[in-house]
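[1] here is my input, please return the structure:
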Amino acid sequence: MTDRSRRLTVKLMAEKLNVSTATISNAFNRPDQLSDARRRWILEECKRLGYMGPNAAARSLRTGRTGNVGVMLADNLAYSLTDPVASEFLHGLAEVLDRRHMNMLLLSSRDDDEHRSRLQESMVDGFIVYGWLKKGRTYERLLQHGKPMVAVDFDLEGCTWVNIDNYEGASRSAEHALRQPPENVAILGLRLVDTDRVCRIRDRELFNEARAISVRRLHGYTDALEAAGYRVPAERIWSTPTNTHQDAYQAAREALTSNPRPDLLLCMSDRIALAAIQAALQMGLRVPEDVRIVGFDGIPEGANLHPSLTTVYQQSAEKGRIAARIFLGEQEDANVLLPTCLLVRESCP
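    Numbering: from 1, shown residues only. Predicted structure coming up:
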């Protein structure tokens, strides 16, 4: 039987290259286990002999591309698909990828199965990372792949990013709210600190500004407030661990039952703001007469309720389109900062 007539397997390739089967497997699935030179030699020899590896990514060596884009999400998949801002981002991303007949592989940075994650990550041509990716195993693993990356909604060292101007948007919304001077201000934040519970913040707890968009929004609020003579102490700033109605409603109730009760709530997402409107109305408060509420995101739901939500509109779908075009080389490989737009409605006229 000739070599060409024998089915090429991991075991046979290990025999031909005089290495272990684990080394062959690592070359395709776990590149961090080998030096770059050794891995490159193994892949070149496998390709020369006609062995394309044990998975789809390895078989793509024939063309050098898989046609798949890995979309690394900061949150789990169920949360990302139900979050209106993340959903809009994915829609914009898909529009461009569909036009280029490319596929999108959704990955979660919270997947604890490292072997499965490495296998999935090997099946893509590169990564679009959405949200905040902490430095850790996932971060190091993506760097080890050496594939193209575009970051969205945060800054990643050595990586092109697409962001919105969170600071300017928050600052403008606070300046608008201050046209009618409030007595007491509270801020309902999102993921300002690394905790899984609704809480008030303490000094020096905040995430690094370069990594967390919420901290930029907080600075936009507080700078505008301080310029107008207001200082919001830490105990008047709440942080929610997720952008869900349950956490937002809890934070809003705590704020609206605090003493003194705020007559202005600056909310870092529309979901938080909409939960705050519901909490206020259920407590018998009038919006905006007793408490004015401002959101951030510009999701459609904010315009359809009464009172309608004053908010900062961000171009969520456009972020996805731009990230895809940069990744595919259709747009200049340069950082993009998108402007926001203040939408004045009933909750804070």
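[2] so the closest residue to residue 272 other than its chain neighbours: helix, strand or coil?
    Once flanking residues are discounted, residue 272 sits nearest to residue 248: 4.1 Å by C-beta to C-beta, 6 or more residues apart in numbering. Using the backbone N, CA and C atoms, a C-beta is placed for each residue, glycine as well. Classification of residue 248 by DSSP: H, G, I helix; E, B strand; the rest coil places it in helix.
[3] so after the helix or strand of the chain with the lowest mean pLDDT, what's the next helix or strand?
    Across the helices and strands of the chain, mean confidence by mean pLDDT, DSSP states H and E is lowest for helix 56-59: a mean of 43. For helix 56-59, the succeeding helix or strand toward the C-terminus, using DSSP states H and E, is strand 68-73.
[4] pairing partners for that following strand, with directions?
    According to DSSP bridges, strand 68-73 has the following sheet partners: strand 103-108 (parallel), strand 127-130 (parallel).
[5] off-centre distance for it?
    Between the centre of strand 68-73 and the centre of its chain there are 12 Å (C-alpha atoms, centre = their mean, to the nearest Å).
[6] give me the residues contacting that strand.
    Under the contact criterion C-beta atoms under 8 Å, 6 or more residues apart in numbering, strand 68-73 has outside partners 80, 86, 90, 93, 97, 102-109, 120-121, 123-131, 133, 138, 142, 324, 327.
[7] mind doing that once more with 6 Å?
    With contacts defined as C-beta atoms under 6 Å, 6 or more residues apart in numbering, strand 68-73 is touched by 80, 102-109, 123-124, 127-130.
[8] after that strand comes which helix or strand?
    Next along from strand 68-73, by DSSP H and E: helix 77-82.
[9] go through that next one and flag the buried ones.
    For helix 77-82, a neighbour-count test (16 or more other C-beta atoms under 10 Å) marks 79-80 as buried.
[10] ok and the helix or strand following that helix relative to strand 68-73, angle-wise?
    As assigned by DSSP H and E, the chain's next helix or strand after helix 77-82 is helix 84-99. Orientation check (axes from the mean of the first three to the mean of the last three C-alpha atoms, to 10 degrees): helix 84-99 against strand 68-73 gives 170 degrees.
[11] buried residues, helix 84-99. List them.
    Buried residues in helix 84-99, defined by neighbour count with 16+ other C-beta under 10 Å: 84-86, 88-90, 92-94, 96-97.
[12] how about these in JSON lines, adding distance to residue 317?
    Formatted as JSON lines, the buried residues of helix 84-99 follow (distance: C-beta to C-beta, whole Å):
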{"residue": "84", "distance to residue 317": "11"}
{"residue": "85", "distance to residue 317": "10"}
{"residue": "86", "distance to residue 317": "11"}
{"residue": "88", "distance to residue 317": "5"}
{"residue": "89", "distance to residue 317": "7"}
{"residue": "90", "distance to residue 317": "9"}
{"residue": "92", "distance to residue 317": "3"}
{"residue": "93", "distance to residue 317": "8"}
{"residue": "94", "distance to residue 317": "10"}
{"residue": "96", "distance to residue 317": "10"}
{"residue": "97", "distance to residue 317": "13"}
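[13] can you pick out the most distant pair from the contacts of strand 68-73?
    By the measure C-beta to C-beta, 102 and 109 form the most distant pair in the contacts of strand 68-73, at 21.4 Å.
[14] neighbour count winner among those two?
    Of the pair residue 102 and residue 109, residue 109 is the one with more neighbours under other C-beta atoms under 10 Å, namely 22 against 18.
[15] the closest residue to that one other than its chain neighbours sits in which helix or strand?
    Using C-beta to C-beta, 6+ apart and skipping the chain neighbours, the partner closest in space to residue 109 is residue 138 (4.7 Å). Taking DSSP H and E as the definition, one finds residue 138 inside helix 137-145.
[16] list of residues touching that helix?
    So helix 137-145 is in contact with 31-32, 109, 127, 133, going by C-beta under 6 Å, 6+ apart.
[17] columns secondary structure and distance to residue 278 on top of these, output as a markdown table?
    Shown next, in a markdown table, are those (DSSP: H, G, I helix; E, B strand; the rest coil; distance: C-beta to C-beta, whole Å):
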| residue | secondary structure | distance to residue 278 |
| --- | --- | --- |
| 31 | helix | 50 |
| 32 | helix | 48 |
| 109 | coil | 31 |
| 127 | strand | 38 |
| 133 | coil | 33 |
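[18] may I see those arranged in JSON lines, with pLDDT and distance to residue 264 as well?
    Shown next, in JSON lines, are the contacts of helix 137-145 (pLDDT from 0 to 100; distance: C-beta to C-beta, whole Å):
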{"residue": "31", "pLDDT": "71", "distance to residue 264": "52"}
{"residue": "32", "pLDDT": "70", "distance to residue 264": "50"}
{"residue": "109", "pLDDT": "76", "distance to residue 264": "35"}
{"residue": "127", "pLDDT": "90", "distance to residue 264": "40"}
{"residue": "133", "pLDDT": "69", "distance to residue 264": "34"}
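[19] and of the contacts of strand 68-73, the nearest to residue 47?
    Checking those against residue 47 with C-beta to C-beta, the nearest one is residue 123 at 17.2 Å.
[20] mind pulling the model confidence for the closest one?
    Listed pLDDT for residue 123 reads 80.
[21] which phi and psi does it have?
    With angles defined as degrees, to the nearest 10, residue 123 sits at phi -100, psi 10.
[22] for residue 189, same thing?
    phi -100, psi 170.
[23] separation between it and residue 155?
    The gap separating residue 189 from residue 155 is 19 Å, by C-beta to C-beta, to the nearest Å.
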